[in-house]
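> Let me see the structure of the following:
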Amino acid sequence: MKLFKQYFLITLGVIFVAIGTEFFLAPNNIAAGGVIGIAIIINHFIPAMPIGLLMLIMNGILFIIAFIIIGNKFGAKTIYSSLTLSGIIWILDKVVTPDMVVTKDLLLASIFGTFISGIGMGIVFNQNASTGGTDIFAKIINKFVHIDIGKALLSVDFIVTIFAALSFGANIGMYALLCVILNGFVIDSVIEGLNVSKQIMVVSRNNNLISKFIIEELERSCTVFHGHGGYTKTDTYILYTVMDRKEFIKLRDYIKIVDPKAFITVSDAHEVLGEGFKDLIGEN
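This next block holds a predicted model:
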């Protein structure tokens, strides 16, 4: 069931990327980095080669090169997402007609295309997968030049935007660069939003009841620290736990009943790794 959910979310994510590409970016020649950007540039000069087919060919070649050069470091989910994305875009290439393009305004196409694609990529990345392409380039560069993966990714995307400027003009090239920058922010925001949890600390005279409620009713765990009140000068206990928002609301309502004078602090935890949350060692 968990595996099905992961592949369902990956498929949903690549659909978002495909929509952003086919209805906003590609029709306006906005080559915002990556294999998609390279495919858009090649398609401009060789219209007979669909963007989806070009992506499929390039990703296939890159995976072969990657397996030879850096070994088996690309899991099944990454291969699935990259090939599925290429396939969906290839299908849309045949279905989407010029009159179906949402906008020809470069600014609107850049913003909405990047926003939709970024949401999709964020969903895919959150499942420990990627859309391939640029990631493969970056890892190959990292192996031979020893540049950080993040810098290598940015370098590859920047080179693609330079070719976009040479192919479509400086105006579109600058929009492509804007998309590359915005894309990073959107992906980070999506991943943080999907993984956000509540980090809670409770000081209460009824910590035994509260910890029992967390373990038995919410099926979460907690840690109890021994403390000493600075004002009261009495020994006390501090209960620490992490849970999602819905669970916290139930906990808060329960604490109101058993100890209305309890002291509670709550903060956002943007990523939680370990038992009951995201696996510490990512699955491929």
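
> which SS class is the residue located most distally from the centre of the chain?
Most distant from the centre of the chain: Lys233, at 47.3 Å, with distances by Cα atoms, centre = their mean. Recorded secondary structure, Lys233: coil (DSSP: H, G, I helix; E, B strand; the rest coil).

> what does the one 3 residues further on give?
Of the three states, Thr236 takes strand according to three-state DSSP.

> cool, the one 4 residues further on as well?
At Tyr240, secondary structure determined by three-state DSSP is strand.

> For the remainder of this discussion, apply numbering that starts at 53.
Right, with 53 as the first residue, what we last looked at is Tyr292.

> ok, now which ones touch Phe189?
The contact partners of Phe189, taken as Cβ atoms under 8 Å, 6 or more residues apart in numbering, are Leu114, Ala204, Leu205, Val208. For glycine as for every other residue, the C-beta is placed from the backbone atoms N, C-alpha and C.

> hey, where'd the strands end up in this protein?
Remark: strands assigned in the chain by DSSP state E are 249-255, 275-280, 287-295, 315-321.

> Of these, flag the one that's most buried.
strand 249-255 (a mean of 19; mean count of other Cβ atoms under 10 Å).

> how close does Phe189 sit to Ser162?
Note on Phe189: its distance to Ser162, by Cβ to Cβ, to the nearest Å, is 23 Å.

> just Asp151 next, same as before
21 Å.

> Looking at these two, which one has more neighbours?
Ser162 (23 against 5; other Cβ atoms under 10 Å).

> so that one sits right up against Met226, yeah?
No: using Cβ atoms under 8 Å, Ser162 makes no contact with Met226, being 9.6 Å away.

> Name the stretch from the strands of the chain where average model confidence is lowest.
Among those, strand 275-280 carries the lowest mean pLDDT, a mean of 88.

> just checking, what packs against that strand?
strand 287-295 (3 or more Cβ pairs under 8 Å, 6 or more residues apart in numbering; DSSP states H and E).

> Could you check how far the strand it packs on is from the centre of its chain?
On the basis of Cα atoms, centre = their mean, to the nearest Å, strand 287-295 sits 32 Å off its chain's mean C-alpha point.

> Give me the angle between it and strand 249-255.
Strand 287-295 and strand 249-255 meet at an angle of 170 degrees, taking axes from the mean of the first three to the mean of the last three Cα atoms, to 10 degrees as the criterion.

> Keeping just the C-alphas, turn strand 287-295 into CSV.
Output of strand 287-295 as CSV, limited to C-alpha atoms (Å, rounded to 0.1, in the frame of the first residue of the first chain):
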residue,chain,number,x,y,z
ASP,A,287,11.0,19.6,40.3
THR,A,288,8.9,19.1,37.2
TYR,A,289,8.8,17.1,33.9
ILE,A,290,8.9,18.3,30.4
LEU,A,291,7.2,16.2,27.8
TYR,A,292,8.5,16.4,24.2
THR,A,293,6.8,15.0,21.1
VAL,A,294,6.3,15.5,17.3
MET,A,295,3.1,14.9,15.4
